[in-house]
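Visitor: Need a 3D model of the sequence below.
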Amino acid sequence: MSPEPDQVTPAGPSAQNRWSIVVEVEAGILRLPVTRIDEREVLLDTPVRLKIGDRYELIVERPDGSADLVHAEVTNRSKAGLLMRWKPSHPRELEALERLFSDSTSFQNHPDIESALRSKSRLVRTSTIAAQRDSVRVLNLSAVTELIQDAVEDALRESGRLLDDSELKELLDESEKGFQQRLVQFENEKADLQSRIQGLSTRLDRAQDLLNQERNREVDRDRFTLSEDALGELEKTFEKIIDDAVASSEIGPSLELELKVVMERCLDSERERVRALEEKARSENIDLLERKIQRLAKSLDDARTDRDQALEIVRRAEARNSQAPFIGAADAIQPSAPDDQHASRRRALLLDLMQENRDLRQQISLENKKLKVTEKGPA
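Guide: The predicted structure follows:
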């Protein structure tokens, strides 16, 4: 029997001990074995012919059972198989690739300073250093931590320094330009997130409909085919019964009844075999659809969270922009609540604004020095 749409095609008994890829095409959902896979591309061992340049959503399943969703593009078809290159469409897919193929040592994976410094450091043998230098300077972790703390305190002190009217006006103008640019950027991100939410909702509804159809589908006991072994066994049984009847010269109603019993027994065994295969394929299909629905639901929740964050940022920015500027006093800085989910993001934005303000003050200071030098020159 040919696989029905959205039915899993098994990749063989060894698929549990190796990588596999699940992809949804027009013919249905296919699980394909992997010949070669790395952080850039994957080579699939399959006769399925896909159009070069088309992008597909792949579910990458590791041998340990974990799985992640990543987009990929068909780049080549050959006798070796189907070659696809990763094309992540979201930062979460980049994180998925890092989880699948690399032992990432990014700063986020090392919350403490010591681990972060160790991940960014380079291992050099002491013999190499001794051959180049007589002595070296060493900073311990406490000294590095103190330097970082001093730099942060200096930045906070500089951010609170009072500016004169001209500097403050120029700073406000630059901040207004940056605010408008960020506002446009957030509006674009909001539109992208809204379209992504609509697409995820459509796909989630479709997957839910497929799951309901698969659960409500009943295996037909009257639709089956006889296997080659069953036909051979039936033929041998008939031949033996007929030979015995001819040898005994007793061909009567008992022979017909015996043939019917043998036929019914063979057909019943084949019905049970086919039904077991159908039930197994159906259960695998239901399991795959449930996992897909869980992933889509999680992606939809994440997209909605990102959209709500973008809407909140835009709302606050618009409210701040609509208020009359109050020159001469700085806004009071309120500490973040312990359970604030957006505290890290706000700290990152605050650091960006502090850096921009510092650069602006340096530019203003340089301009003032140039003006003073110019005024002293003619005198």
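Visitor: can you pull the contacts of residue 52?
Guide: Going by C-beta atoms under 8 Å, 6 or more residues apart in numbering, residue 52 touches 74, 75, 76, 77. (Each C-beta comes from the backbone N, C-alpha and C, glycine too.)
Visitor: can you pull out the strands in this structure?
Guide: With DSSP state E as the criterion, the chain has strands at 20-25, 28-37, 41-44, 55-61, 67-78, 81-86.
Visitor: Tell me which of those strands sits nearest to residue 117.
Guide: Nearest of those to residue 117, taken as C-beta to C-beta: strand 67-78 at 29.4 Å.
Visitor: and the closest one with strand 81-86, angle?
Guide: 130 degrees (axes from the mean of the first three to the mean of the last three C-alpha atoms, to 10 degrees).
Visitor: Would you indicate which residues of strand 67-78 are buried?
Guide: Neighbour counts over strand 67-78 (16 or more other C-beta atoms under 10 Å) mark 67, 68, 69, 70, 72, 74 as buried.
Visitor: ok so, going back, would you reformat the strands of the chain as CSV and include mean pLDDT and distance to residue 277?
Guide: Putting those into CSV (pLDDT from 0 to 100; distance: least, C-beta to C-beta, whole Å) gives the following:
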stretch, mean pLDDT, distance to residue 277
strand 20-25, 88, 20
strand 28-37, 88, 16
strand 41-44, 90, 25
strand 55-61, 90, 22
strand 67-78, 90, 25
strand 81-86, 90, 27
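Visitor: ok so, going back, could you single out the nearest of the contacts of residue 52 to residue 237?
Guide: Of the contacts of residue 52, the one sitting nearest to residue 237 (C-beta to C-beta) turns out to be residue 77, at 48.3 Å.
Visitor: and the longest helix along the chain, average pLDDT?
Guide: Determined from DSSP state H, the single longest helix within the chain is helix 253-322. Across helix 253-322, pLDDT averages out at 75.
Visitor: helices or strands next to it in the packing?
Guide: strand 28-37, strand 55-61, strand 67-78, helix 165-216, helix 228-248 (3 or more C-beta pairs under 8 Å, 6 or more residues apart in numbering; DSSP states H and E).
Visitor: mind redoing it with 7 Å?
Guide: Counting by 3 or more C-beta pairs under 7 Å, 6 or more residues apart in numbering; DSSP states H and E, the packing neighbours recorded for helix 253-322 are helix 165-216, helix 228-248.
Visitor: Mean neighbour count added to the ones you listed, as a markdown table?
Guide: Output for these, formatted as a markdown table (neighbours: other C-beta atoms under 10 Å):
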| stretch | mean neighbour count |
| --- | --- |
| helix 165-216 | 14 |
| helix 228-248 | 12 |
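Visitor: Quickly, which of the ones you listed bottoms out on average pLDDT?
Guide: Looking at the helices and strands packed on helix 253-322, the bottom one is helix 228-248 with a mean of 70.
Visitor: Which of the residues in stretch 260-279 are classified as buried?
Guide: So, applying 16+ other C-beta under 10 Å, buried residues of stretch 260-279: 262, 266, 270, 274, 278.
Visitor: what's the most distant pair in those?
Guide: 262 and 278 (24.9 Å).
Visitor: pLDDT score for residue 335?
Guide: Per the predicted model, pLDDT is 50 at residue 335.
Visitor: Check the one 3 residues further on too.
Guide: The score at residue 338 is 54. That number is its pLDDT.
Visitor: ok, now the one 4 residues further on?
Guide: Looking at residue 342, its pLDDT stands at 60.
Visitor: same question, the one 4 residues further on
Guide: If you check residue 346, the pLDDT there is 65.
Visitor: Would you mind splitting this structure into its domains for me?
Guide: 13-105, 215-300 (automatic domain parsing).
Visitor: Next, the distance between the ends of the shortest one.
Guide: Between the opening and closing residues of domain 215-300 lies a distance of 24 Å (C-alpha to C-alpha, to the nearest Å).
Visitor: Tell me the spacing between residue 198 and residue 88.
Guide: 20 Å (C-beta to C-beta, to the nearest Å).
Visitor: Just give me the closest of the buried residues of stretch 260-279 to residue 209.
Guide: residue 278 (20.7 Å).
Visitor: measure that closest one to residue 24 for me?
Guide: Using C-beta to C-beta, we find residue 278 at a distance of 21 Å from residue 24.
Visitor: Repeat that for residue 242.
Guide: 52 Å.
Visitor: likewise residue 259?
Guide: When residue 259 is compared with residue 24 (using C-beta to C-beta), they lie 48 Å apart.
Visitor: More neighbours: which of the two?
Guide: More crowded of residue 259 and residue 24, by other C-beta atoms under 10 Å: residue 24, with 18 against 15.
Visitor: Provide the partner residues of the more buried one in its beta bridges.
Guide: residue 29 (DSSP bridges).
Visitor: Return the distance of it relative to residue 56.
Guide: Counting by C-beta to C-beta - residue 24 and residue 56 are separated by 7 Å.
Visitor: for residue 153, same thing?
Guide: Taking C-beta to C-beta, one finds residue 153 at 52 Å from residue 56.
Visitor: which of those two has more neighbours?
Guide: A count of neighbours by other C-beta under 10 Å puts residue 56 above the other of residue 153 and residue 56, at 16 against 10.
Visitor: nearest spatial neighbour of the more buried one, skipping sequence neighbours?
Guide: residue 23 (5.2 Å; C-beta to C-beta, 6 or more residues apart in numbering).
Visitor: same thing with residue 266?
Guide: residue 234 is the one closest to residue 266 (C-beta to C-beta, 6+ apart), at 4.9 Å.
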